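> missing the sequence, but the structure's below:
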């Protein structure tokens, strides 16, 4: 019974921390409350959005082109394999020790984390476009650029947004450890328990979890919104967000 | 390994009298001399990968077989495991602490929850991709539904199941690096002990990457032994 109460107590205190200022564990400073967390949240969002935008600008055109010319099975599989195998914490620490602290380095790390799902999903999205459709477009006299823009891109959009969704969730999640590189995101209370205590850590964890779920949900809605009507009519294909180019799919072209 | 009191993050000076280490360089000499201190975290990391993947696999296989019979369960299971999957691991390690405390339990519960979506999807996809004719042929030969599942459908689904296992394992190796926030050690704790010391970061991070590669190779080898018919064809 007492453990149950204690456990409710921790969450209760953590929620209070989110909404009300209090004195820090070590004393002297006011911590917590909406204004401070909003500041951390703003930084969190700025680095996340910047990283996702840069990653998308780099990865999507590259993968569209690779998909269009049909070369890049290796690139698509290799980036996703390497991307998964390198722990985000190791990558951040690598940048901290070899390059340094600060915004630029944190954004660089987040960009690197966001790129693999974007490449893989865009590439697979383009490769899944029915070859007959592409041939028909070519037969009507479309140029390569037109085929990419008017046929392959729209039909690959659901898959591309699937990739954006994975990357966005990864980026927002990883921005939590950015305070290790002196960028004060919502992870700040988590990384500095000597000031914020366990209650602050738990409070920040709640905020981070809620924001990430909101991002995930928003991108899921977006993904549905950008799906062309024609694709919605088809039998609901197997939806996988981290679609890897499976052997069968790659061989079937 | 387990039950060792878990020291929370201690900040240490770059160890040794080595001039290179003192200058915070990348020092092969320091690495050779200090490699011993990485074995325990590496073992913890192996434990933090193998246990969650095995538990997650058992759970997902059970759920997938259940959902294979009762199709309507697929949606809710994917939705719930999708929520688990989206919650950042660092947050999960703290959200669980009031319930499961500081240590391995918290880390393992959180890590299991990340494997569910990946494994469940791949197992159900694998089962669903078995050609209908194959199923019909098996049923026509007088096999019961149960026999069809264990003798026909699951073996045919092995490649996709193993693909899921590979993704789940490498993901878990990466996330286990953050288990230090649950007080469960692992290579992540070595990284945090001295995140500015190049040699330390390279060794601890490099070991995590090598571990992921080693597991991947292991599962691939296992798959080759489990599906001899594919080798014969190739």
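Ah, there it is. Everything quoted here is computed from the prediction, not taken from an experiment.
> okay, CA-based contacts and neighbour counts for the rest of this
Will do.
> What parts of the stretch 101-250 of chain A come near chain B?
With the criterion set to CA under 8 Å from any CA of the partner chain, the stretch 101-250 of chain A comes near chain B through A:169-170, A:173-174, A:176, A:201-202, A:204-206, A:208-209, A:212-213, A:216, A:238, A:240.
> and those residues, which of them are in helices?
The members of these that map onto helices under DSSP state H are A:169-170, A:173-174, A:201-202, A:204-206, A:208-209, A:212-213, A:216.
> Farthest pair within those?
A:201 and A:216 (22.3 Å; CA to CA).
> where do the helices sit along the chain?
Since no chain was named, I'll use chain A. A:2-19, A:33-69, A:73-85, A:88-98, A:103-127, A:131-139, A:144-146, A:153-174, A:188-191, A:193-226, A:229-233, A:247-251.
> Correction: the question concerned chain B.
Under DSSP H, chain B gives helices at B:19-22, B:28-34, B:39-69, B:74-86, B:89-95, B:97-100, B:104-128, B:132-140, B:145-147, B:154-176, B:187-193, B:198-226, B:228-233.
> can I get those helices in CSV with distance to residue A:65?
CSV is the format used below for the helices of chain B (distance: least, CA to CA, whole Å):
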stretch, distance to residue A:65
helix B:19-22, 45
helix B:28-34, 41
helix B:39-69, 36
helix B:74-86, 30
helix B:89-95, 34
helix B:97-100, 46
helix B:104-128, 28
helix B:132-140, 37
helix B:145-147, 47
helix B:154-176, 26
helix B:187-193, 37
helix B:198-226, 29
helix B:228-233, 33
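> wait, which of the ones you listed is closest to residue A:133?
For these, the distance to residue A:133 is smallest for helix B:104-128, at 26.3 Å, taking CA to CA.
> What is the burial count for residue B:150?
11 (other CA atoms under 10 Å in any protein chain shown).
> Next: the one 5 residues further on.
Residue B:155 has 17 neighbouring residues, counting by other CA under 10 Å.
> Which pLDDT does the model give it?
With respect to pLDDT, residue B:155 scores 92.
> Look at the residue nearest to it when sequence neighbours are not counted and say how many residues are nearby.
Taking CA to CA, 6 or more residues apart in numbering or on different chains, and ignoring the residues beside it in sequence, residue B:155 has residue B:227 as its nearest neighbour in space, at 7.8 Å. Other residues near residue B:227 come to 14 when the count uses other CA under 10 Å.
> Now do the same contact list for residue B:227.
By CA atoms under 8 Å, 6 or more residues apart in numbering or on different chains, residue B:227 lies in contact with B:155, B:158, B:159.
> now the last one, nearest residue through space, not along the chain?
The one in question is residue B:159. residue B:223 (7.1 Å).
> So that neighbour sits against residue B:160, correct?
No: judged on CA atoms under 8 Å, residue B:223 makes no contact with residue B:160 at a distance of 10.1 Å.
> ok, these two, which is more surrounded?
It is residue B:160, of residue B:223 and residue B:160, that has more neighbours when counted by other CA under 10 Å, with 22 against 17.
> Against chain A, how distant is that one?
Residue B:160 sits 9 Å away from chain A, going by CA to the nearest CA, to the nearest Å.
> With residue B:56 instead?
Counting by CA to the nearest CA, the gap from residue B:56 to chain A is 18 Å.
> Residue A:135 is nearest to which of the helices of chain B?
When those are compared by CA to CA, helix B:104-128 sits nearest residue A:135, at 29.9 Å.
> Tell me the buried residues in that closest one?
Neighbour-count burial for helix B:104-128, counted by 16 or more other CA atoms under 10 Å in any protein chain shown, picks out B:104-127.
> And the average pLDDT for stretch A:185-201 is what?
On average, stretch A:185-201 scores 89.
> just how off-centre is that stretch within its chain?
Between the mean C-alpha location of stretch A:185-201 and the chain-wide mean there is a distance of 23 Å, by CA atoms, centre = their mean, to the nearest Å.
> Can you tell me what sits against it?
Looking at what lies outside stretch A:185-201 - CA under 8 Å, 6+ apart - the contacts are A:10-11, A:13-14, A:17, A:24-26, A:31-32, A:37, A:40-44, A:175-180, A:202, A:204-205, A:207-208, B:94.
> May I see the buried residues of that stretch?
A:185-191, A:193, A:195-201.
> which one of these sits closest to residue B:19?
Nearest member of the buried residues of stretch A:185-201 to residue B:19, counting by CA to CA, is residue A:191, at 30.5 Å.
> From residue B:26, how far off is that closest one?
Residue A:191 is 26 Å from residue B:26, where distance means CA to CA, to the nearest Å.
> Can you pull the phi/psi pair for the residue nearest to residue B:155?
The phi and psi values for residue B:227, taken as degrees, to the nearest 10, are phi -130, psi 70.
> confidence score at it?
82.
> And for residue A:114?
94.
> so it makes contact with residue A:55?
Yes: between residue A:114 and residue A:55 there is a contact at 6.0 Å, judged by CA under 8 Å.
> So what's the residue count around residue A:35?
14.
> Next, work out how far apart residue B:206 and residue B:124 are.
Taken as CA to CA, the span from residue B:206 to residue B:124 is 34 Å.
> count of neighbours near residue 60?
Going with chain A. 22.
> Chain B, not that one
Look at residue B:60: counted by other CA under 10 Å, it has 23 neighbours.
> ok, now which ones touch the closest residue to it other than its chain neighbours?
The shortest distance from residue B:60 to any non-neighbouring residue, by CA to CA, 6+ apart, is to residue B:120 (4.9 Å). By CA under 8 Å, 6+ apart, the residues touching residue B:120 are B:60, B:61, B:63, B:64, B:78.
> Give me the local confidence score for residue B:120.
95.
> what does residue A:144 give?
In the prediction, the pLDDT value recorded for residue A:144 is 89.
> And for residue B:98?
87.
> And it, how far from residue B:225?
44 Å.
> Report the rounded mean pLDDT for stretch B:53-65.
96.
> quick one: contacts of that stretch?
B:74, B:112-113, B:115-116, B:119-120, B:123-124, B:165, B:168-169, B:172.
> Output the below-cut-off pLDDT ranges for chain A.
A:1-8, A:232-253 (pLDDT under 70).
> and if you look at chain B?
B:1-18, B:231-234.
> Could you tell me which residues of it lie near chain A?
Checking chain B against chain A by CA under 8 Å from any CA, the hits are B:83, B:86-92, B:94-95, B:98-99, B:121, B:125, B:167, B:170-171, B:173-175, B:177-178, B:188, B:191, B:195-198, B:201-202, B:204-205, B:208-209, B:212-213.
> Could you pull up the residues touching residue B:184?
Per CA under 8 Å, 6+ apart, neighbours of residue B:184: B:6, B:44, B:102, B:103, B:104, B:107.
> Could you point out which of those residues is nearest to chain A?
Nearest to chain A out of those is residue B:102 (CA to the nearest CA; 11.2 Å).
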